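[1] structure here, sequence nowhere to be found:
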């Protein structure tokens, strides 16, 4: 499909009719939206012909890169064969069944069952309902509190936004819903004070035990956490964190939910972040990299323990029109085949991941950089007022936004979360593209430093 309008025409129509997520519409109207019209590999083109290097893989999701004809063909073939049928009424489609087996084989532990949805938000909403229903069936209906973390991100629907540890989200729409609690994240740079990272990892984990004891173990149903907190600023926990979390969950019979929406499908150098950190979850929401963002699809991977109690004992009154959509499942299958065929997980682990980290860490010497964090192809550069004392900027977010704008001016996409510059490029990004991305990020940080000096 060729470009039908000028950039200005697109922007005018966009401002008049298109409501963007997480956006100040008035500010966008003044500036005008950037209209993306084409993509290939790790590169985007806008309606003015500008070539843009995508350091965020869309929204943490385009793992196999743009322009994969195999995924296009899989979707087109399924559209021609069976464009839609539901999975209600004791019915399934071939792609939904095939993908279920593939996911069960890939997932860690005994996560042998998948409930399909359309987004990470829906997968986490499903998780909340399933966890609470499971404990009802176990004769413990009062065991319904779910603990999450500050700066955790799990979606933007009512239940998933409540799980989020984002205060700005909770200021709108009557959130959070009841029986959601939050604890400190394993964010050493901001909260570690004089503690060494490994000691802080244990202390942050013990915050879970303290919260369980405060609420009562008979009331706490589950703990949900991303292996790496992505949209919260790429918070990578110390190595001591996850072993202690698992010990605590097991001791108090609290279900462990590893939200793999961002970390899954190769991002950390394993198929799932749970493998990277040695996590054995009871439930695992997945999305984004499942189809590399080509079509909307998500799922909740469920352990044998929970499936045997719920699915095989009666009806779970929950589901979506598009649960297990055949076209989306077909594209997801093709996406996983590409990841396997091209060895992208191994490439992140052995080649491009270490190269990306080494290049990113060259920014650690910059006077404005407080910390560099990286695992596989997900990283962050934290900008700090004082790198020696780890003093952050106040108010938070202004410096990050300044740096992000300097990135955009150089036609690279790097996101700012508070004052951390976060990156998650496609798994197919080249060494030369990594060089370009990080070199331009240094220029953006230099320009931000100059702005602060003024």
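    Structure's in. What do you need? The shown structure was predicted, so the numbers you read here are calculated from the model rather than taken from an experiment.

[2] output the below-cut-off pLDDT ranges for the protein.
    1-2 (pLDDT under 70).

[3] per-domain residue ranges of it.
    By the assignment in automatic domain parsing, the chain contains the domains 34-64+343-453, 70-341.

[4] export those as CSV, with columns for distance to residue 20 and mean neighbour count.
    Where C-beta positions appear, they are placed from N, C-alpha and C, glycine not excepted. Compiled in CSV, the domains of the chain are given as follows (distance: least, Cβ to Cβ, whole Å; neighbours: other Cβ atoms under 10 Å):
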stretch, distance to residue 20, mean neighbour count
domain 34-64+343-453, 11, 19
domain 70-341, 13, 20
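
[5] these: which one's closest to residue 15?
    domain 34-64+343-453 (11.8 Å; Cβ to Cβ).

[6] next, the distance between the ends of the closest one.
    End-to-end distance for domain 34-64+343-453, by Cα to Cα, to the nearest Å: 29 Å.

[7] again, but for stretch 41-56
    13 Å.

[8] please apply the same query to stretch 291-300.
    Stretch 291-300 end-to-end distance (Cα to Cα) = 15 Å.

[9] going forward can the numbers begin at 92, since that is how I track them
    Sounds good: first residue 92 from here, last item stretch 382-391.

[10] on that earlier part again, can I get the domains of the chain in CSV with distance to residue 95?
    Formatted as CSV, the domains of the chain follow (distance: least, Cβ to Cβ, whole Å):
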stretch, distance to residue 95
domain 125-155+434-544, 10
domain 161-432, 21
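
[11] residue 128 belongs to a strand?
    Yes. Counting by DSSP: H, G, I helix; E, B strand; the rest coil, residue 128 is part of a strand.

[12] does it really touch residue 139, like I thought?
    No. In this structure, residue 128 is not within contact of residue 139 by Cβ atoms under 8 Å, at 9.4 Å.

[13] can you tell me the closest non-neighbouring residue to residue 298?
    Residue nearest to residue 298 in three dimensions, not counting chain neighbours: residue 274, with 4.3 Å by Cβ to Cβ, 6 or more residues apart in numbering.

[14] who's in contact with the one you found?
    238, 239, 240, 241, 295, 298, 299, 301, 302 (Cβ atoms under 8 Å, 6 or more residues apart in numbering).

[15] what values do phi and psi take at it?
    Torsion angles at residue 274 (phi, psi; degrees, to the nearest 10) stand at phi -130, psi 170.

[16] mind listing the helices for the stretch 292-441 of the chain?
    For the stretch 292-441 of the chain, the helices defined by DSSP state H, counting those that start in this stretch cover 332-342, 364-368, 395-401, 417-432, 435-438.

[17] picking up where we left off before, identify the bridge partners of the residue nearest to residue 298.
    When assigned by DSSP bridges, residue 274 has beta-bridge partners residue 240.

[18] what about residue 207, helix or strand, and which?
    strand 204-208 (DSSP states H and E).

[19] helices or strands up against the helix or strand following that strand?
    Sequence order places helix 211-228 as the next helix or strand after strand 204-208, per DSSP H and E. Counting contacts by 3 or more Cβ pairs under 8 Å, 6 or more residues apart in numbering; DSSP states H and E, helix 211-228 packs against strand 204-208, helix 249-254, strand 311-316, strand 346-349, strand 374-377, strand 389-393, helix 395-401.

[20] give me the contacts around the third one.
    Residues outside strand 311-316 that contact it (Cβ under 8 Å, 6+ apart): 215, 218, 222-223, 225-226, 234-240, 243, 245, 254, 299, 302-303, 336, 340, 343, 345-350, 373-374.

[21] what pairs with it, parallel or antiparallel?
    Partners of strand 311-316 in its sheet, by DSSP bridges: strand 236-240 (parallel), strand 346-349 (parallel).

[22] could those go into a markdown table alongside distance to residue 411?
    Listed next are these as a markdown table, based on distance: least, Cβ to Cβ, whole Å:
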| stretch | distance to residue 411 |
| --- | --- |
| strand 236-240 | 21 |
| strand 346-349 | 20 |
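
[23] closest one to residue 453 among the ones you listed?
    So among those, strand 236-240 is nearest, using Cβ to Cβ, at 30.2 Å.

[24] find the residue at the geometric middle of this structure.
    Residue closest to the mean C-alpha point of the chain, counted by Cα atoms, centre = their mean, is residue 353 at 2.7 Å.

[25] what's the nearest residue to that residue if we skip its chain neighbours?
    residue 321 (3.7 Å).

[26] OK, contacts around that neighbour?
    151, 244, 352, 353, 354, 469, 513, 515.

[27] switch those residues over to TSV; also include distance to residue 329.
    Formatted as TSV, the contacts of residue 321 follow (distance: Cβ to Cβ, whole Å):
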residue	distance to residue 329
151	22
244	20
352	22
353	19
354	17
469	16
513	19
515	21
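
[28] just give me the closest of the residues you listed to residue 545.
    Distances from residue 545 to the contacts of residue 321, taken by Cβ to Cβ, are shortest for residue 513, at 25.6 Å.

[29] host element of the nearest residue to residue 465 once chain neighbours are set aside?
    Of all residues not flanking residue 465 in the chain, residue 448 sits nearest, at 4.2 Å (Cβ to Cβ, 6+ apart). Element membership for residue 448 (DSSP H and E) is helix 444-452.

[30] next, the nearest residue to residue 412 once chain neighbours are set aside: phi, psi?
    Leaving aside its chain neighbours, residue 412 sits nearest to residue 177 (6.5 Å; criterion: Cβ to Cβ, 6+ apart). Phi and psi for residue 177, reported as degrees, to the nearest 10, are phi -80, psi 170.

[31] so residue 177 touches residue 411, yeah?
    No. Contact status for residue 177 versus residue 411: not in contact, 9.1 Å apart, counting by Cβ under 8 Å.

[32] coming back round to it: the strands paired with strand 311-316: which one's closest to residue 457?
    Of those, nearest to residue 457 by Cβ to Cβ is strand 236-240, at 28.7 Å.

[33] got the contact list for the closest one?
    Under Cβ under 8 Å, 6+ apart, the answer for strand 236-240 is 219, 222, 245, 254-256, 270-276, 299, 302-303, 306, 310-316, 320, 323, 345.

[34] which residues does the longest helix belonging to the chain contact?
    In the chain, with assignment by DSSP state H, the single longest helix is helix 522-544. For helix 522-544, the external contacting residues (Cβ under 8 Å, 6+ apart) are 133, 144, 146, 443, 446-447, 450-451, 453-454, 457-460, 472, 474, 490, 493-495, 497-498, 500-501, 503, 505, 512, 514, 516, 520.

[35] right, I'll call it a day here.
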